[in-house]
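Colleague: One predicted model, sequence on top.
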Amino acid sequence: SAVISQKPSRDICQRGTSLTIQCQVDSQVTMMFWYRQQPGQSLTLIATANQGSEATYESGFVIDKFPISRPNLTFSTLTVSNMSPEDSSIYLCSVEAGEGVYGYTFGSGTRLTVV
Amino acid sequence: RKEVEQDPGPFNVPEGATVAFNCTYSNSASQSFFWYRQDCRKEPKLLMSVYSSGNEDGRFTAQLNRASQYISLLIRDSKLSDSATYLCVVNINNFNKFYFGSGTKLNVKP
């Protein structure tokens, strides 16, 4: 199935700064999904990134806070802007598993701590 | 009401035991169902998709009950390595919309 390389794996950031997370997929995919997993909780979809169009954001998430780029079919970035401690979370990207596997695969996640 | 609900556990079982988890979903228009496994401080990994007819993969069996709106995961002959959190995932009527349960924690003891 598709393999995702996500980086950074972790970071500690000062409040008010921004962090850009990258996901590189080893195959071309139409949609890439960005999730957040807050401590002790399950995953929440932030947005869906399609190549060549604006990302679609879920309720509670806005482009100014979480700008997304999708320059081609194998790559996407999520930026967490003007960070506050409440943004401390794990951020994950996801794509269709592909190759006959029905389901979705995840990047290894970015563990963000905002101090 | 949450879209997807799971018993958080933990389920503490001895090696070799059979254990079952259920997951209920609230939207009858749900179309696709998955079980994921998440180890501590790791990303979720797809365990199996759940088909209407039910499906089995080795020691793991998944079932879907549309009438009662739940899916189940049965693990036979539990191994220590099965210890993890099991996430139920439901796709509701829209290709992009996936809802994750909060997970059921399984601890398999020697």
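Modeller: Looks like it arrived, so ask away.
Colleague: residue contacts, the residue most central in space within chain A?
Modeller: Among the residues of chain A, the smallest C-alpha distance to the mean C-alpha position (Cα atoms, centre = their mean) belongs to A:W34, namely 3.5 Å. Shown here is A:W34, whose contacts under the criterion Cβ atoms under 8 Å, 6 or more residues apart in numbering or on different chains are A:45-49, A:66, A:68, A:76, A:78, A:91-94. Yep, even glycine has a C-beta here, placed from its N, CA and C like the rest.
Colleague: Pull up the per-residue confidence for it.
Modeller: Listed pLDDT for A:W34 reads 96.
Colleague: any idea how far the residue nearest to B:D57 when sequence neighbours are not counted lies from B:G101?
Modeller: On the basis of Cβ to Cβ, 6 or more residues apart in numbering or on different chains, the spatially nearest residue to B:D57 that is not a chain neighbour turns out to be B:M48, at 5.3 Å. Summarising the geometry, the distance separating B:M48 from B:G101, computed by Cβ to Cβ, to the nearest Å, is 15 Å.
Colleague: Phi, psi for the residue of chain A positioned farthest from its centre please.
Modeller: For chain A, the C-alpha farthest from the mean C-alpha position belongs to A:G100; by Cα atoms, centre = their mean, that distance is 23.8 Å. Dihedral angles of A:G100 (phi, psi; degrees, to the nearest 10) stand at phi 80, psi 0.
Colleague: And the pLDDT for it?
Modeller: The predicted local confidence for A:G100 comes out at a pLDDT of 76.
Colleague: Check what contacts stretch B:35-55 and list those residues.
Modeller: Residues outside stretch B:35-55 that contact it (Cβ under 8 Å, 6+ apart): A:1, A:43, A:92, A:97, A:101-109, A:111, B:32-34, B:57, B:60-64, B:66, B:71, B:73, B:84-89, B:100, B:103.
Colleague: Can you go through those residues and name the buried ones?
Modeller: For these, burial is judged from neighbour counts taken by 16 or more other Cβ atoms under 10 Å in any protein chain shown, and it is met by A:1, A:43, A:92, A:97, A:103-109, A:111, B:32-34, B:60-64, B:71, B:73, B:84-89, B:100, B:103.
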